[in-house]
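Enquirer: I'd like to go over a predicted model; first the sequence, then the structure.
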Amino acid sequence: MSENQRDELAAIEAEIVEEPAVAPPVVPAFDYTDSGVPNFDYVRDKIENRVGTAHAATELSGAVPEAKSVDEQMAERDRAGRDKLEEIRRSMRGE
């Protein structure tokens, strides 16, 4: 088979493929106006997320037994610090 005949067979076996239709780009909803001001939904979502995070952190910090233990340790340390300070003040006054 000559090269010319092979090219003809290859051309016959080829398939014509049309260009795929290009879908229009998806435009996301913007969180800011054209002038750079955040819209109401964006601000509300941000506030709700912060409130939810703060609420969850508060629940978690109080629900864990270790958190209560840490709070008790901090209170004991503060009490010991105040007692030591009072002792130093008494010694400075000569009592």
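Expert: Perfect, thanks for sending it.
Enquirer: Spatially central residue in this structure, please.
Expert: Against the mean C-alpha coordinate of the chain, by C-alpha atoms, centre = their mean, the closest residue is Asn49 at 9.8 Å.
Enquirer: Work out for me the element it sits within.
Expert: helix 40-63 (DSSP states H and E).
Enquirer: Report the mean per-residue pLDDT for the helix or strand hosting Glu87.
Expert: Following DSSP H and E, one finds Glu87 within helix 65-93. Taken as a whole, helix 65-93 has an average pLDDT of 89.
Enquirer: Next, the angle helix 40-63 makes with it.
Expert: With axes from the mean of the first three to the mean of the last three C-alpha atoms, to 10 degrees applied, the angle from helix 65-93 to helix 40-63 works out at 70 degrees.
Enquirer: what's stretch 69-85 in contact with?
Expert: The contact list for stretch 69-85 (C-beta atoms under 8 Å, 6 or more residues apart in numbering) is empty. All C-beta spots, glycine's among them, are computed from the backbone N, C-alpha and C.
Enquirer: With just CA atoms, put that stretch into PDB.
Expert: Extracted C-alpha coordinates of stretch 69-85, given in PDB (Å, rounded to 0.1, in the frame of the first residue of the first chain):
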ATOM      1  CA  SER A  69     -11.100  22.100  86.500                       C
ATOM      2  CA  VAL A  70      -9.100  24.800  84.800                       C
ATOM      3  CA  ASP A  71     -11.500  27.400  86.100                       C
ATOM      4  CA  GLU A  72     -11.100  26.100  89.600                       C
ATOM      5  CA  GLN A  73      -7.300  26.100  89.300                       C
ATOM      6  CA  MET A  74      -7.300  29.700  88.000                       C
ATOM      7  CA  ALA A  75      -9.600  30.700  91.000                       C
ATOM      8  CA  GLU A  76      -7.200  29.000  93.400                       C
ATOM      9  CA  ARG A  77      -4.200  30.600  91.900                       C
ATOM     10  CA  ASP A  78      -5.800  34.100  92.100                       C
ATOM     11  CA  ARG A  79      -6.800  33.400  95.700                       C
ATOM     12  CA  ALA A  80      -3.200  32.300  96.500                       C
ATOM     13  CA  GLY A  81      -1.900  35.400  94.800                       C
ATOM     14  CA  ARG A  82      -4.100  37.800  96.800                       C
ATOM     15  CA  ASP A  83      -3.100  36.000 100.000                       C
ATOM     16  CA  LYS A  84       0.600  36.300  99.200                       C
ATOM     17  CA  LEU A  85       0.200  40.000  98.300                       C
END
